[in-house]
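A.B. asks: What shape does this take:
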Amino acid sequence: MPEKDLEFNKNEDQYKQLVSQLQAKAKKIRLGGGEKKIDEQHQKGKLTARERIAYLIDKDSEFLEIGLFAGDGMYKEVGGCPSAGVVSGIGYIHGRQCVVVANDATVKAGAWFPITAKKNLRAQEVAMENRLPVVYLVDSAGVFLPMQDEIFPDKEHFGRQFRNNAKMSAMGIVQIAAIMGSCVAGGAYLPIMSDEAMIVDKTGSIFLAGSYLVKAAIGEDIDNETLGGATAHCEISGVTDNKFPNDQACLDYIRSLFNKMGHYEKAGFDRSASAAPKEDPKNIYGLMPSDRAKPYDTLDIIKCLVDNSEFDEYKALYGKTLVCGTARIDGWAVGIVANQRKVVKSKKGEMQMGGVIYSDSADKAARFIMNCNQRKIPLVFLQDVSGFMVGSKAEHGGIIKDGAKMVNAMANSTVPKFTFMIGNSYGAGNYAMCGKAYDPRLIYAWPSAQIAVMSGASAAKTLLQIRVASLKAQGKEITKEEEAALLKEITDRYNDQLSPYYAASRIWVDGIIDPLYTRTVISMGIEAANHAPVEKFNVGVIQT
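C.D. replies: Take a look at the predicted model:
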């Protein structure tokens, strides 16, 4: 580990600011619809979504939230949709991992926006990939009608969750639902397609059409409680299985169900006793450059993350712009693929740029990924990548073929993959390093991440050239001052889209985390993945 100097202290100060901003933003989002809406929930005798989860999971246990920043900055014209109006993540009930999905009734009465559907489907995907039980805590007014055309009919819209209910049931994945507020229209199928459905008396209700719609449709006068309350469905229709006097009693019953579940077949990932890194993880703050153009040694970052700071590097003298090797994180054996950000010397003595994938490094990574699959070792990708090398020398050297080998091996990997965007995540580098499109079990960004086709500076200059050429084609002249103003406008807009918060709001990543939380995410992720036996690895055709 390099000595701490002025540059280290400068980096550390800036990164702490990024973490402080992250914490402040997260705290605000966790308030959902705000203090007033939270008070309204309490006045109705109801817990909020986050209070329900806190009561349900084991005391002092970890809850790995998925999609906290979903919807951030979106739907401003209707007042926003914090956290997509739903709280989801992986938690522990009687020591057993499960996925919990809880509608947040403080946000538009728990109505479903397009991003809500995407977040719910992501939670179900996590459950299906890892074969984790699911608990649904239902309290929703249904589809947000002004946007029904963006949530209703397509493959990744509202109805897909019911298809997933059926598929999970066929897979033997336990699904338990509690109706703790409104549950209307198509949304009524979700709890009833679960294995067991509870309902809270007087506050929970479930029906395909509420009293107003029933009156309009068939002229029947009836109130919602009589139509679809706890008594109606537990004593008359048999739609729900048990009713409870309040949220707490209902959640206690769910905990009792988990206390009696049978055990699962394990994948068999190796774990030994956990050990803290010898290098202080907080050093990451000072190691990550505040100027992202500056190089750093990725091995220093890895040593702050792995047990005892011990890392067995694979092909250390070959393909140096990618670091590959095995280690343990919280006792779990892992294979790590990370972009090396310092300038290195190739086997031919040529200097290679850090953060760029060259032919030899792509070839090395492909071989390493295959080895990890052969040995049943989960993979961790640390992204700080500008892309693949370009130019005549790279093209003539077969960069496309070697890059394809890496992508093929990574895409066909059957051991679980976990991705962390710690710096740049640009272009095809995002894909090769297991971006969202390549099914990582979990994918998180650090506050220092940037995600786009290319860097802001490069993109802005390219877009400016296109705009200027277009204006000239129309016979319009542009002054240097106008060109500078146009460049600033383009750069600002593009930089907004580079932000990890922009990515997290659209669920391109599962969240943004303090780097110090990375070990916890990996450990919980592998523990979850251990519920699902691994299929045999078959890489398909790879040109050599």
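A.B. asks: residue ranges with poor pLDDT in the stretch 401-544 of the chain?
C.D. replies: By pLDDT under 70, the weakly predicted segments of the stretch 401-544 of the chain are 454-460, 540-544.
A.B. asks: oh, I was asking about the chain
C.D. replies: 1-3, 186, 454-460, 540-544.
A.B. asks: Tell me the buried residues in the biggest helix by length in it?
C.D. replies: Once the chain is assigned using DSSP state H, the helix that runs over the most residues is helix 6-29. Using 16 or more other CB atoms under 10 Å as the test for burial, helix 6-29 gives Phe8, Asn11, Glu12, Gln14, Tyr15, Leu18, Val19, Leu22, Lys25, Ala26, Ile29. All C-beta spots, glycine's among them, are computed from the backbone N, C-alpha and C.
A.B. asks: In a markdown table: those residues, plus distance to Gln374.
C.D. replies: Below are those laid out as a markdown table (distance: CB to CB, whole Å):
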| residue | distance to Gln374 |
| --- | --- |
| Phe8 | 39 |
| Asn11 | 38 |
| Glu12 | 40 |
| Gln14 | 42 |
| Tyr15 | 37 |
| Leu18 | 39 |
| Val19 | 38 |
| Leu22 | 38 |
| Lys25 | 42 |
| Ala26 | 40 |
| Ile29 | 42 |
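A.B. asks: follow-up on the earlier one: got the contact list for the helix or strand just after the longest helix of the chain?
C.D. replies: Going down the chain from helix 6-29, the next helix or strand is helix 35-43, by DSSP states H and E. Defining contact as CB atoms under 8 Å, 6 or more residues apart in numbering, one finds that helix 35-43 is touched by Leu31, Gly32, Leu47, Thr48, Ala105, Thr106, Val107.
A.B. asks: which one of the buried residues of helix 6-29 is nearest Glu65?
C.D. replies: Ala26 (9.0 Å; CB to CB).
A.B. asks: residues in contact with that closest one?
C.D. replies: Counted by CB under 8 Å, 6+ apart, Ala26 has contacts Leu68, Phe69.
A.B. asks: Hmm, Gly335 is touching Lys376, no?
C.D. replies: No - Gly335 lies out of contact with Lys376 (CB atoms under 8 Å); the separation is 10.3 Å.
A.B. asks: Of the two, which one has the most company?
C.D. replies: Each of Gly335 and Lys376 has its neighbours counted (other CB atoms under 10 Å); Gly335 has more, 24 against 15.
A.B. asks: what's in contact with stretch 427-443?
C.D. replies: Residues contacting stretch 427-443 (CB under 8 Å, 6+ apart): 64, 66, 126, 129-130, 337, 339, 355, 357, 362, 365, 379, 381, 383, 385-388, 403, 406-407, 410-411, 416-421, 425, 451, 453-454, 508-510, 521, 525, 528-529.
A.B. asks: Keep only those of these that are in helices.
C.D. replies: Short answer: the contacts of stretch 427-443 in helices (DSSP H) are 126, 129-130, 362, 365, 403, 406-407, 410-411, 521, 525, 528-529.
A.B. asks: Would you point out the most distant pair within these?
C.D. replies: Longest span within these, CB to CB: Gly403 and Ala528, 30.4 Å.
A.B. asks: Name the residue in those two with the higher neighbour count.
C.D. replies: Using other CB under 10 Å as the criterion, Gly403 and Ala528 rank with Gly403 on top: 26 against 23.
A.B. asks: Next, find the distance separating that one from Val390.
C.D. replies: Here the criterion is CB to CB, to the nearest Å. By it, Gly403 lies 11 Å from Val390.
A.B. asks: try Glu65
C.D. replies: Using CB to CB, one gets 38 Å for the distance from Glu65 to Val390.
A.B. asks: same check, this time on Cys372
C.D. replies: Distance of Cys372 to Val390, given as CB to CB: 28 Å.
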